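The following comprises the amino acid sequence and a computationally predicted model.
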Amino acid sequence: MAEHKNRGLKSIITVQLGKLASEFDPFYDNIKGLDQTGKDFGIFKKSYLAYMEKLKLSNRLLEIYSKGLIERRQEPPNITRITFLHPFYYLGFVESVGNAVTNMIVMILVSSGIDFHVVEGKWKVKHVTSIKELEKRNLSLTAKLNFLKENKIREFSSAVDSDLRNKIAHMNFQFEQEEIHVRGKPVSSEVGKAWANLFWALTAMIDIIEKLAKDTGLSE
């Protein structure tokens, strides 16, 4: 039974990753076809280097947090305390690795000739050309995901549960019989499902971005 369930899960994951890759294919091909001495490729190269630095830092922070979570589990069990930590681990994952990968996808679209506009002041419109600018303007994750959706990167965008992220960030929880709930359901099930969706989407996109970097000579 367990083996049958695992085969079914692998099949679902394969389909999801296939959809994600097919949505990204046009932009992948655009980047591969860029003149490597041109401005657009320069934007991609600069963004990739910034992304790799952020990804390394994010992964290190998650390793430290995971170690703390495991050590907590080795203490005498307190179910309420343990389940309370899980949503904040998800929040950290979204804000670190999730945000880093989202920024990189945005900049791949920008390098492909799609403008990402940011309004400065009352009238001025700025065309973002670097990850540093995305971070400097403190743009919301929702705004960046909407930009991706508008440009048909829907599979990855839907894997990031920004509604759950916001509810965790604003401590929008309920307690029912010593159990923590969010959106009317046990936090363990809501976060578990969101975590799985995000994990597979990020794993796929990190692999795709790395392959693109190799294909364009930015990585060995």
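Great, that's in hand.

Now do the strands in this structure.
117-120, 124-127, 174-176, 179-182, 185-186 (DSSP state E).

Comparing the ones you listed, which yields the minimum mean pLDDT?
The weakest mean pLDDT among these belongs to strand 124-127, with a mean of 68.

Next one: Ile108 relative to Val97, how far apart?
17 Å (Cβ to Cβ, to the nearest Å). Quick note: C-beta positions are derived from backbone N, CA and C, even for glycine.

returning to what we had before: Serialize the strands of the chain to a markdown table and add fields for distance to Lys46 and mean neighbour count.
As requested, those are exported to a markdown table (distance: least, Cβ to Cβ, whole Å; neighbours: other Cβ atoms under 10 Å):
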| stretch | distance to Lys46 | mean neighbour count |
| --- | --- | --- |
| strand 117-120 | 18 | 11 |
| strand 124-127 | 15 | 10 |
| strand 174-176 | 45 | 10 |
| strand 179-182 | 38 | 18 |
| strand 185-186 | 42 | 13 |
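
Go through those strands and name the closest to Ile31.
Set against Ile31 and scored by Cβ to Cβ, the strands of the chain come closest in strand 124-127, at 18.0 Å.

and of the strands of the chain, who's closest to Glu63?
That would be, of the strands of the chain and by Cβ to Cβ, strand 179-182, which comes in at 25.2 Å.

and for the closest one, what are the contacting residues?
Strand 179-182 is contacted by residues 79-80, 83-84, 87, 164, 167-168, 172-175, 186-187, 190-191 when judged by Cβ atoms under 8 Å, 6 or more residues apart in numbering.

ok, of those residues, which come out buried?
For these, a burial check counting by 16 or more other Cβ atoms under 10 Å picks out Thr83, Pro87, Leu164, Lys167, Ile168, Val187, Glu190, Val191.

Which ones among those map onto helices?
Of the positions in those, Thr83, Pro87, Leu164, Lys167, Ile168, Val187, Glu190, Val191 sit in helices, assigned by DSSP state H.

Who are the contact partners of the nearest residue to the second one once chain neighbours are set aside?
The shortest distance from Pro87 to any residue that is not its chain neighbour, by Cβ to Cβ, 6 or more residues apart in numbering, is 4.4 Å, and that residue is Ile168. By Cβ under 8 Å, 6+ apart, Ile168 lies in contact with Pro87, Phe88, Tyr90, Leu91, Val182.

Neighbours of Asn166, how many?
14 (other Cβ atoms under 10 Å).

how far away is it from Thr37?
Asn166 is 43 Å from Thr37, by Cβ to Cβ.

quick revisit: which among the strands of the chain is found nearest to Lys152?
Checking those against Lys152 by Cβ to Cβ gives strand 117-120 as the closest, at 17.8 Å.

Point out where this structure drops to low pLDDT.
Low-confidence segments of the chain, defined by pLDDT under 70: 1-16, 62, 64-83, 119-125.

most centrally placed residue in this structure?
Per Cα atoms, centre = their mean, the C-alpha nearest to the average position across the chain is that of Gly98, at 2.4 Å.
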